[in-house]
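Peer 1: Coordinates for the following, if possible.
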Amino acid sequence: MTLIEAVVCGIIQGAAEFLPISSSGHLALLHAMFGLTDPESCVTFDVMLHLATLAAVICVYSNDIFSLIKAIFTMPAKLFTGRAKELSGAERFALYIIIATAPLGFAFFLEDAVTGIAASPKIIGIVLILNGFMLLLGDRVGKGNRSSEELGAPRALAVGAFQLAAIVPGLSRSGTTITGGLICGLDRGQAVRFSFIMSVPAIIGANLVRAVRMVRSPVESSQLGVYAVGMVFAAVTGFFALKLLSYIAEKKKFGIFSIYCFAVGGAAVIFG
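Peer 2: Numbers count the residues shown, from 1 in each chain. Modelled structure (predicted):
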């Protein structure tokens with residue numbers, strides 16, 4: 001991989017991880033475009049880029065995340081002693097994040113199907129077009145006023161099901177989960193907040209699995225510097241993409257990204 005390719009992949013990952021245009025779909029298309037056919041090196045670089053965007057989430061939502069970490073340690077005592085009604089807002093939020101993450105356990109059984117989709121630019125294009133329609137739906141729902149702390153366990157599980165669907169390359173995790181949150185009655189700003197904070201355990205879990213492959217196939221030392229540059233661009237781009245999406249979600253402007261998904265998806269179907 002060249003330095004220019006790493007920079008382009010880093011910028012695309014940073015933007016697409018948070019903007020509702022599917023980072024997995026874009027990385028798969030870029031790998032095909034750049035002729036990156038070695039699956040092990042692609043996995044290694046993808047893991048490093050995802051860690052960079054994880055750093056962006058932690059930076060933007062650091063106060064929430066540290067509060068939730070503390071709540072995870074205080075919450076069980078109340079749950080297991082029949083004092084669930086005494087849970088604080090942070091403890092309820094932490095509980096709902098855990099519940100929303102649970103459906104991802106099924107992702108392991110879908111890995112082969114997902115890998116097959118990632119290898120086909122035409123299929124990714126079709127899914128990107130479907131993603132565009134989903135974003136249009138996101139602009140038309142969302143009249144709820146619930147906070148993340150008021151979501152409730154059944155609705156948290158429903159948002160988690162939306163996140164599971166987003167493992168398909170071409171479906172945006174952020175767009176899918178934000179739309180799911182809006183359907184479940186979250187306020188638009190809270191839907192964004194819940195979506196990105198629930199991405200932290202999702203990103204960590206997914207990349208722990210991928211890291212096993214990295215151990216089997218260590219990174220060539222000559223590529224470390226190139227990968228590091230890609231990570232920096234992914235983290236910086238991701239930070240600004242997070243801020244931008246929060247603004248766009250509030251203004252109900254997902255239609256902008258729908259047009260983009262239709263264009264890129266259509267191009268992938270025609271030329272893939």
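Peer 1: What are the boundaries of the strands in the stretch 51-200 of the chain?
Peer 2: Assigned by DSSP state E, counting those that start in this stretch, the strands in the stretch 51-200 of the chain number zero.
Peer 1: what bits of it have low per-residue confidence?
Peer 2: Using pLDDT under 70 as the threshold, the predicted model of the stretch 51-200 of the chain has no low-confidence range.
Peer 1: Now do residue 272, the pLDDT please.
Peer 2: Model confidence at residue 272, expressed as pLDDT, equals 71.
Peer 1: So it is in contact with residue 126, correct?
Peer 2: No. Assessed by CB atoms under 8 Å, residue 272 is found out of contact with residue 126, at 9.7 Å. In short, each C-beta sits where N, CA and C put it, glycine included.
Peer 1: neighbour count winner among those two?
Peer 2: Shown here are residue 272 and residue 126; by other CB atoms under 10 Å, residue 126 has more neighbours (18 against 15).
Peer 1: how close does the residue nearest to the more buried one when sequence neighbours are not counted get to residue 179?
Peer 2: In space, and not counting its chain neighbours, residue 126 is closest to residue 269: 6.2 Å by CB to CB, 6 or more residues apart in numbering. Distance of residue 269 to residue 179, computed by CB to CB, to the nearest Å: 23 Å.
Peer 1: same thing with residue 59?
Peer 2: 25 Å.
Peer 1: neighbour count winner among these two?
Peer 2: Per other CB under 10 Å, whichever of residue 59 and residue 179 has more neighbours is residue 179, with 26 against 13.
Peer 1: which residue sits closest to that one in space, ignoring its chain neighbours?
Peer 2: Among residues not flanking residue 179 along the chain, residue 138 sits closest, at 3.9 Å (CB to CB, 6+ apart).
Peer 1: how many other residues sit next to that neighbour?
Peer 2: 25.
Peer 1: show me the contacts for it.
Peer 2: Residue 138 sits next to 20, 175, 178, 179, 182, 254 when contact means CB atoms under 8 Å, 6 or more residues apart in numbering.
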